[in-house]
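Undergrad: 3D model of this:
(one chain, ligands or ions: 2)
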Amino acid sequence: MSPNDSPATPEAAAAGHTPDVAAGTAPIITVSGVSKTYKGGFQALKSVNLDIRKGEIFALLGPNGAGKTTLISIICGIVTATTGRIAVAGADINDDYRTAREMIGLVPQELTTDAFETVWNTVSFTRGLFGKPANPAHIEKVLKDLSLWDKKDDRILTLSGGMKRRVMIAKALSHEPRILFLDEPTAGVDVELRQGMWAVVRRLSQSGVTIILTTHYIEEAEEMADRVGVISGGELIVVEEKAKLMCKLGRKQLTLHLQERLAEIPPALADYGLDLAADGCDIVYTYDSQQDHTGITGLLTALRDSGIKFRDLHTTQSSLEEIFVSLVRSPK
Ligand SMILES: Nc1ncnc2c1ncn2[C@@H]1O[C@H](COP(=O)(O)OP(=O)(O)O)[C@@H](O)[C@H]1O
Ligand SMILES: [Mg+2]
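TA: Numbering: from 1, shown residues only. Ligands and ions are numbered 1, 2, ... in the order given. Take a look at the predicted model:
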(Lines give C-alpha, C1' and ligand atoms only; values in the text may rest on other atoms or scores of the structure.)
(Ligands and ions follow the chains in the order given, each with its own letter.)
Protein backbone atom coordinates (compact mmCIF):
# COMPACT_ATOMS: atom_id res chain seq x y z
CA MET A 1 0.00 0.00 0.00
CA SER A 2 1.26 3.46 -0.79
CA PRO A 3 0.02 6.97 -0.24
CA ASN A 4 0.02 7.93 -3.93
CA ASP A 5 0.08 6.13 -7.22
CA SER A 6 2.38 7.97 -9.58
CA PRO A 7 5.94 6.66 -9.57
CA ALA A 8 8.38 9.51 -10.18
CA THR A 9 10.93 7.59 -12.23
CA PRO A 10 10.79 4.71 -14.70
CA GLU A 11 12.95 2.67 -12.32
CA ALA A 12 10.54 3.29 -9.49
CA ALA A 13 7.65 2.40 -11.74
CA ALA A 14 9.37 -0.80 -12.81
CA ALA A 15 9.99 -1.72 -9.20
CA GLY A 16 6.40 -0.91 -8.35
CA HIS A 17 7.67 1.76 -6.01
CA THR A 18 5.78 4.93 -5.33
CA PRO A 19 7.75 7.64 -3.57
CA ASP A 20 6.62 8.92 -0.23
CA VAL A 21 5.57 12.48 -0.97
CA ALA A 22 3.88 12.98 2.37
CA ALA A 23 7.25 13.40 4.06
CA GLY A 24 7.97 16.63 2.21
CA THR A 25 11.69 15.85 2.04
CA ALA A 26 13.64 13.14 0.27
CA PRO A 27 13.50 9.88 2.23
CA ILE A 28 16.68 8.95 4.07
CA ILE A 29 16.27 5.31 3.03
CA THR A 30 14.56 4.03 -0.10
CA VAL A 31 13.84 0.33 -0.45
CA SER A 32 12.59 -0.58 -3.94
CA GLY A 33 11.34 -3.98 -4.98
CA VAL A 34 13.50 -5.89 -2.52
CA SER A 35 12.95 -9.61 -2.30
CA LYS A 36 15.04 -12.34 -0.74
CA THR A 37 15.13 -16.03 -1.45
CA TYR A 38 17.54 -17.87 0.84
CA LYS A 39 19.67 -20.75 -0.37
CA GLY A 40 17.39 -23.73 -0.28
CA GLY A 41 14.62 -21.76 -1.92
CA PHE A 42 12.79 -20.17 1.01
CA GLN A 43 11.41 -16.76 0.06
CA ALA A 44 11.75 -14.57 3.12
CA LEU A 45 10.84 -11.25 1.45
CA LYS A 46 8.47 -10.53 -1.42
CA SER A 47 9.09 -7.28 -3.31
CA VAL A 48 9.24 -4.86 -0.41
CA ASN A 49 8.93 -1.13 -1.12
CA LEU A 50 9.50 1.26 1.74
CA ASP A 51 10.65 4.81 2.34
CA ILE A 52 12.05 5.84 5.69
CA ARG A 53 11.70 9.51 6.53
CA LYS A 54 14.53 11.52 7.98
CA GLY A 55 14.23 11.84 11.74
CA GLU A 56 11.31 9.50 12.25
CA ILE A 57 10.94 6.51 14.53
CA PHE A 58 9.73 3.73 12.29
CA ALA A 59 8.56 0.43 13.76
CA LEU A 60 8.64 -2.67 11.63
CA LEU A 61 6.06 -4.82 13.34
CA GLY A 62 5.52 -8.48 12.62
CA PRO A 63 5.40 -11.94 14.16
CA ASN A 64 8.48 -14.15 14.44
CA GLY A 65 9.67 -15.31 11.04
CA ALA A 66 7.94 -12.45 9.18
CA GLY A 67 11.21 -11.24 7.63
CA LYS A 68 12.08 -8.27 9.87
CA THR A 69 15.70 -9.25 10.51
CA THR A 70 16.13 -10.22 6.86
CA LEU A 71 14.96 -6.79 5.70
CA ILE A 72 17.14 -4.77 8.03
CA SER A 73 20.11 -7.07 7.42
CA ILE A 74 19.75 -6.31 3.71
CA ILE A 75 19.55 -2.56 4.32
CA CYS A 76 22.64 -2.79 6.54
CA GLY A 77 24.53 -4.74 3.89
CA ILE A 78 24.86 -7.97 5.90
CA VAL A 79 22.55 -10.04 3.70
CA THR A 80 22.36 -9.67 -0.09
CA ALA A 81 18.97 -9.05 -1.66
CA THR A 82 17.86 -11.37 -4.46
CA THR A 83 16.20 -8.48 -6.31
CA GLY A 84 15.70 -4.77 -5.77
CA ARG A 85 17.65 -1.69 -4.80
CA ILE A 86 18.31 0.24 -1.63
CA ALA A 87 19.62 3.78 -1.28
CA VAL A 88 20.73 5.34 1.99
CA ALA A 89 20.74 9.15 1.71
CA GLY A 90 21.15 8.68 -2.01
CA ALA A 91 24.02 6.17 -1.75
CA ASP A 92 23.31 2.76 -3.29
CA ILE A 93 24.16 0.06 -0.76
CA ASN A 94 25.88 -2.06 -3.42
CA ASP A 95 27.57 0.54 -5.62
CA ASP A 96 28.45 2.87 -2.77
CA TYR A 97 28.63 0.47 0.16
CA ARG A 98 31.04 2.39 2.39
CA THR A 99 29.14 5.67 2.18
CA ALA A 100 25.85 3.94 2.86
CA ARG A 101 27.16 1.75 5.68
CA GLU A 102 28.89 4.63 7.43
CA MET A 103 25.56 6.36 7.94
CA ILE A 104 24.10 3.33 9.68
CA GLY A 105 24.38 1.94 13.17
CA LEU A 106 22.96 -1.51 13.82
CA VAL A 107 22.05 -3.07 17.13
CA PRO A 108 21.55 -6.73 16.24
CA GLN A 109 19.00 -9.04 17.79
CA GLU A 110 21.67 -11.22 19.37
CA LEU A 111 23.96 -9.76 22.01
CA THR A 112 27.50 -10.13 20.71
CA THR A 113 30.17 -8.45 22.75
CA ASP A 114 33.60 -9.40 23.88
CA ALA A 115 32.94 -10.39 27.47
CA PHE A 116 36.47 -9.69 28.71
CA GLU A 117 36.83 -6.21 27.26
CA THR A 118 35.94 -3.05 29.11
CA VAL A 119 32.99 -0.97 28.01
CA TRP A 120 35.25 1.90 26.97
CA ASN A 121 37.57 -0.28 24.88
CA THR A 122 34.88 -2.20 23.08
CA VAL A 123 32.98 0.96 22.11
CA SER A 124 36.17 2.79 21.02
CA PHE A 125 37.33 -0.25 19.05
CA THR A 126 34.05 -0.42 17.12
CA ARG A 127 34.47 3.21 16.05
CA GLY A 128 37.90 2.27 14.68
CA LEU A 129 36.34 -0.50 12.58
CA PHE A 130 34.55 2.19 10.60
CA GLY A 131 37.86 3.87 9.87
CA LYS A 132 36.99 6.87 12.00
CA PRO A 133 39.73 8.63 13.95
CA ALA A 134 39.59 8.31 17.73
CA ASN A 135 37.19 10.76 19.36
CA PRO A 136 37.14 10.25 23.14
CA ALA A 137 34.74 13.16 23.58
CA HIS A 138 32.15 11.43 21.39
CA ILE A 139 32.57 8.08 23.14
CA GLU A 140 32.19 9.86 26.48
CA LYS A 141 28.98 11.53 25.31
CA VAL A 142 27.53 8.26 24.04
CA LEU A 143 28.34 6.45 27.29
CA LYS A 144 26.86 9.27 29.34
CA ASP A 145 23.71 9.39 27.19
CA LEU A 146 23.24 5.67 27.77
CA SER A 147 23.97 5.92 31.52
CA LEU A 148 27.06 3.75 31.12
CA TRP A 149 29.68 6.31 32.07
CA ASP A 150 30.30 4.94 35.56
CA LYS A 151 30.74 1.48 34.01
CA LYS A 152 33.27 2.53 31.39
CA ASP A 153 36.16 0.61 33.00
CA ASP A 154 34.10 -2.47 33.87
CA ARG A 155 34.39 -5.66 31.89
CA ILE A 156 31.30 -6.48 29.91
CA LEU A 157 30.80 -9.88 31.56
CA THR A 158 30.17 -8.12 34.88
CA LEU A 159 27.25 -6.11 33.52
CA SER A 160 23.54 -6.86 33.76
CA GLY A 161 21.55 -7.83 30.65
CA GLY A 162 20.06 -4.36 30.32
CA MET A 163 23.50 -2.75 30.52
CA LYS A 164 24.91 -5.17 27.95
CA ARG A 165 22.15 -4.14 25.60
CA ARG A 166 23.01 -0.50 26.14
CA VAL A 167 26.67 -1.33 25.38
CA MET A 168 25.43 -2.74 22.06
CA ILE A 169 23.69 0.57 21.38
CA ALA A 170 26.83 2.49 22.36
CA LYS A 171 28.83 0.38 19.90
CA ALA A 172 26.29 1.08 17.16
CA LEU A 173 26.53 4.81 17.87
CA SER A 174 30.32 4.92 18.16
CA HIS A 175 30.86 6.06 14.57
CA GLU A 176 28.21 8.80 14.73
CA PRO A 177 25.62 7.25 12.40
CA ARG A 178 22.60 9.26 11.26
CA ILE A 179 20.42 6.18 11.21
CA LEU A 180 20.09 3.57 13.93
CA PHE A 181 18.56 0.15 13.48
CA LEU A 182 17.43 -1.68 16.59
CA ASP A 183 16.48 -5.28 15.93
CA GLU A 184 14.07 -6.36 18.67
CA PRO A 185 15.62 -4.03 21.27
CA THR A 186 13.44 -5.29 24.09
CA ALA A 187 12.91 -8.95 23.21
CA GLY A 188 13.26 -10.92 26.42
CA VAL A 189 13.75 -7.72 28.40
CA ASP A 190 11.55 -7.25 31.46
CA VAL A 191 8.95 -4.51 31.59
CA GLU A 192 10.99 -2.09 33.66
CA LEU A 193 14.03 -2.35 31.42
CA ARG A 194 11.79 -2.00 28.42
CA GLN A 195 10.62 1.39 29.68
CA GLY A 196 14.26 2.39 30.15
CA MET A 197 15.07 1.30 26.62
CA TRP A 198 12.17 3.32 25.24
CA ALA A 199 13.46 6.39 27.06
CA VAL A 200 16.91 5.85 25.53
CA VAL A 201 15.42 5.53 22.05
CA ARG A 202 13.38 8.70 22.51
CA ARG A 203 16.45 10.66 23.57
CA LEU A 204 18.33 9.41 20.52
CA SER A 205 15.46 10.41 18.30
CA GLN A 206 15.40 13.88 19.84
CA SER A 207 19.09 14.20 19.05
CA GLY A 208 18.20 13.85 15.36
CA VAL A 209 18.96 10.16 14.71
CA THR A 210 16.51 8.38 12.41
CA ILE A 211 15.39 5.20 14.14
CA ILE A 212 14.10 1.97 12.69
CA LEU A 213 13.17 -0.67 15.19
CA THR A 214 11.76 -4.11 14.67
CA THR A 215 9.44 -5.63 17.16
CA HIS A 216 6.85 -8.29 17.61
CA TYR A 217 5.40 -6.38 20.56
CA ILE A 218 2.46 -4.31 19.41
CA GLU A 219 2.68 -2.16 22.50
CA GLU A 220 6.23 -1.24 21.56
CA ALA A 221 5.16 0.00 18.13
CA GLU A 222 2.20 1.75 19.68
CA GLU A 223 4.39 3.39 22.32
CA MET A 224 7.40 4.38 20.24
CA ALA A 225 6.67 4.79 16.57
CA ASP A 226 5.74 7.74 14.40
CA ARG A 227 4.93 5.27 11.63
CA VAL A 228 4.38 1.56 11.61
CA GLY A 229 5.01 -0.99 8.88
CA VAL A 230 3.29 -4.32 9.39
CA ILE A 231 5.16 -7.25 7.88
CA SER A 232 3.83 -10.78 7.64
CA GLY A 233 5.06 -13.73 5.61
CA GLY A 234 7.70 -11.58 3.89
CA GLU A 235 5.18 -9.01 2.70
CA LEU A 236 4.85 -5.47 3.91
CA ILE A 237 1.10 -5.40 4.35
CA VAL A 238 0.67 -1.80 5.36
CA VAL A 239 2.75 1.27 6.14
CA GLU A 240 0.99 4.06 7.90
CA GLU A 241 1.24 6.82 10.47
CA LYS A 242 0.60 5.09 13.75
CA ALA A 243 -2.36 7.27 14.56
CA LYS A 244 -3.80 6.93 11.05
CA LEU A 245 -3.29 3.19 11.05
CA MET A 246 -5.33 2.89 14.19
CA CYS A 247 -7.98 5.19 12.85
CA LYS A 248 -8.07 3.82 9.32
CA LEU A 249 -8.18 0.17 10.13
CA GLY A 250 -9.69 0.46 13.55
CA ARG A 251 -13.16 -0.83 13.93
CA LYS A 252 -15.30 0.89 16.42
CA GLN A 253 -17.95 -0.60 18.61
CA LEU A 254 -21.02 1.15 19.85
CA THR A 255 -22.46 -0.36 23.00
CA LEU A 256 -26.01 0.54 23.99
CA HIS A 257 -27.06 -0.18 27.56
CA LEU A 258 -30.75 -1.05 27.37
CA GLN A 259 -33.47 0.01 29.74
CA GLU A 260 -34.98 -3.45 29.61
CA ARG A 261 -33.40 -6.82 29.03
CA LEU A 262 -33.83 -8.30 25.55
CA ALA A 263 -34.21 -12.03 24.98
CA GLU A 264 -33.10 -11.76 21.37
CA ILE A 265 -32.38 -9.25 18.63
CA PRO A 266 -35.66 -8.43 16.86
CA PRO A 267 -35.79 -9.55 13.20
CA ALA A 268 -36.28 -5.92 12.12
CA LEU A 269 -32.71 -5.24 13.26
CA ALA A 270 -31.18 -8.31 11.62
CA ASP A 271 -29.29 -6.28 8.99
CA TYR A 272 -27.08 -4.56 11.55
CA GLY A 273 -25.24 -7.68 12.71
CA LEU A 274 -25.82 -6.78 16.34
CA ASP A 275 -24.56 -8.77 19.28
CA LEU A 276 -26.46 -9.13 22.47
CA ALA A 277 -24.17 -8.85 25.49
CA ALA A 278 -24.24 -8.51 29.26
CA ASP A 279 -27.03 -11.06 29.56
CA GLY A 280 -29.29 -9.21 27.13
CA CYS A 281 -28.81 -5.80 28.72
CA ASP A 282 -26.37 -4.48 26.07
CA ILE A 283 -26.53 -4.29 22.31
CA VAL A 284 -23.16 -4.08 20.58
CA TYR A 285 -22.86 -2.65 17.08
CA THR A 286 -19.54 -2.93 15.21
CA TYR A 287 -18.88 -0.43 12.43
CA ASP A 288 -16.11 1.04 10.36
CA SER A 289 -15.46 4.57 11.56
CA GLN A 290 -13.89 5.52 8.20
CA GLN A 291 -17.01 4.83 6.19
CA ASP A 292 -19.17 7.79 5.20
CA HIS A 293 -22.17 5.85 6.35
CA THR A 294 -21.57 4.19 9.66
CA GLY A 295 -25.17 3.08 9.90
CA ILE A 296 -25.55 4.60 13.34
CA THR A 297 -28.38 6.97 12.43
CA GLY A 298 -30.33 4.14 10.79
CA LEU A 299 -29.71 1.86 13.74
CA LEU A 300 -30.97 4.42 16.25
CA THR A 301 -34.09 5.01 14.15
CA ALA A 302 -34.71 1.26 13.83
CA LEU A 303 -34.29 0.84 17.60
CA ARG A 304 -36.86 3.55 18.24
CA ASP A 305 -39.24 1.98 15.71
CA SER A 306 -38.84 -1.35 17.49
CA GLY A 307 -39.62 0.28 20.81
CA ILE A 308 -36.17 -0.50 22.26
CA LYS A 309 -35.02 2.15 24.70
CA PHE A 310 -31.52 2.59 26.01
CA ARG A 311 -30.27 4.51 28.99
CA ASP A 312 -26.61 4.97 28.05
CA LEU A 313 -24.15 4.32 25.26
CA HIS A 314 -20.42 4.36 24.64
CA THR A 315 -17.98 3.64 21.80
CA THR A 316 -14.64 1.85 21.85
CA GLN A 317 -11.86 1.84 19.27
CA SER A 318 -9.89 -1.31 18.61
CA SER A 319 -6.27 -1.21 19.70
CA LEU A 320 -3.29 -1.61 17.41
CA GLU A 321 -3.10 -5.14 18.76
CA GLU A 322 -6.51 -6.08 17.39
CA ILE A 323 -5.72 -4.40 14.08
CA PHE A 324 -2.45 -6.28 13.87
CA VAL A 325 -4.01 -9.64 14.59
CA SER A 326 -6.73 -9.08 11.99
CA LEU A 327 -4.17 -7.99 9.38
CA VAL A 328 -1.85 -10.89 9.98
CA ARG A 329 -4.75 -13.32 9.92
CA SER A 330 -6.06 -12.11 6.59
CA PRO A 331 -3.20 -10.60 4.56
CA LYS A 332 -4.46 -8.68 1.55
N1 LIG B 1 20.07 -17.76 6.57
C2 LIG B 1 18.83 -18.24 6.36
N3 LIG B 1 18.60 -19.30 5.56
C4 LIG B 1 17.36 -19.77 5.33
N5 LIG B 1 16.25 -19.24 5.87
C6 LIG B 1 16.40 -18.17 6.69
C7 LIG B 1 17.69 -17.62 6.97
N8 LIG B 1 17.52 -16.58 7.81
C9 LIG B 1 16.19 -16.47 8.03
N10 LIG B 1 15.52 -17.43 7.36
C11 LIG B 1 14.07 -17.64 7.35
O12 LIG B 1 13.47 -16.48 6.82
C13 LIG B 1 12.28 -16.18 7.54
C14 LIG B 1 12.36 -14.77 8.09
O15 LIG B 1 13.35 -14.73 9.10
P16 LIG B 1 13.70 -13.40 9.86
O17 LIG B 1 13.99 -12.33 8.87
O18 LIG B 1 14.75 -13.71 10.85
O19 LIG B 1 12.31 -13.09 10.58
P20 LIG B 1 11.98 -12.16 11.84
O21 LIG B 1 13.16 -11.32 12.13
O22 LIG B 1 10.78 -11.36 11.42
O23 LIG B 1 11.64 -13.09 12.96
C24 LIG B 1 12.13 -17.23 8.62
O25 LIG B 1 11.24 -18.21 8.15
C26 LIG B 1 13.52 -17.78 8.76
O27 LIG B 1 13.49 -19.13 9.14
MG1 LIG C 1 14.31 -11.12 13.83
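Undergrad: Tell me the bridge partners for Phe181.
TA: Beta-bridge pairing for Phe181 (DSSP bridges): Leu106, Ile212.
Undergrad: Check whether it really touches Gln109, as I assumed.
TA: No - counting by C-beta atoms under 8 Å, Phe181 does not reach Gln109; the two are 10.4 Å apart. For the C-beta atoms, the positions are set from N, CA and C on the backbone; glycine is no exception.
Undergrad: neighbour-wise, which of these two wins?
TA: Each of Phe181 and Gln109 has its neighbours counted (other C-beta atoms under 10 Å); Phe181 has more, 25 against 16.
Undergrad: residue contacts, the more buried one?
TA: Neighbour list for Phe181: 72, 75-76, 104-107, 172, 212-214 [criterion: C-beta atoms under 8 Å, 6 or more residues apart in numbering].
Undergrad: closest to ligand 2 among these?
TA: Distance to ligand 2 across the contacts of Phe181 (C-beta to the ion) is lowest for Thr214, with 6.2 Å.
Undergrad: secondary structure class for that closest one?
TA: strand (DSSP: H, G, I helix; E, B strand; the rest coil).
Undergrad: show me what contacts it?
TA: 59-62, 68-69, 72, 181-184.
Undergrad: Count the residues that sit near the nearest residue to it once chain neighbours are set aside.
TA: Excluding its sequence neighbours, the residue lying closest to Thr214 (C-beta to C-beta, 6 or more residues apart in numbering) is Lys68, at 3.9 Å. Lys68 has 24 neighbouring residues, counting by other C-beta under 10 Å.
Undergrad: next one: the one 3 residues further on
TA: A total of 30 residues lie near Leu71 under the criterion other C-beta under 10 Å.
Undergrad: Likewise for Asn64?
TA: Considering only other C-beta under 10 Å, Asn64 is surrounded by 9 other residues.
Undergrad: Confirm for me that it is in contact with His216.
TA: Yes - checked against C-beta under 8 Å, the pair Asn64 and His216 is within contact range at 6.0 Å.
Undergrad: Distance from the chain centre to stretch 52-59, please.
TA: Once both centres are worked out by C-alpha atoms, centre = their mean, to the nearest Å, stretch 52-59 turns out to sit 10 Å from its chain's centre.
Undergrad: when you give positions from now on, start the count at 30
TA: Sounds good: first residue 30 from here, last item stretch 81-88.
Undergrad: For it, buried residues please.
TA: Buried residues in stretch 81-88, counting neighbours by 16 or more other C-beta atoms under 10 Å, are found at 81-88.
Undergrad: That stretch: end-to-end distance?
TA: 10 Å (C-alpha to C-alpha, to the nearest Å).
Undergrad: now it: mean pLDDT?
TA: Mean per-residue pLDDT for stretch 81-88: 96.
Undergrad: Wondering if that stretch reaches ligand 1 at all.
TA: No - judged by C-beta under 6 Å from any ligand atom, stretch 81-88 and ligand 1 are separated, with a smallest distance of 12.7 Å.
Undergrad: residues making contact with that stretch?
TA: 49, 52, 54-60, 208, 230, 234, 237, 239-244, 249-250, 253-258, 271.
Undergrad: In PyMOL, how would I select the buried members of those residues?
TA: Of these, the buried ones go into a single PyMOL selection, burial set by 16+ other C-beta under 10 Å:
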select buried, resi 49+52+56+57+58+59+60+208+230+234+239+240+241+242+243+244+249+250+253+254+256+257+258+271
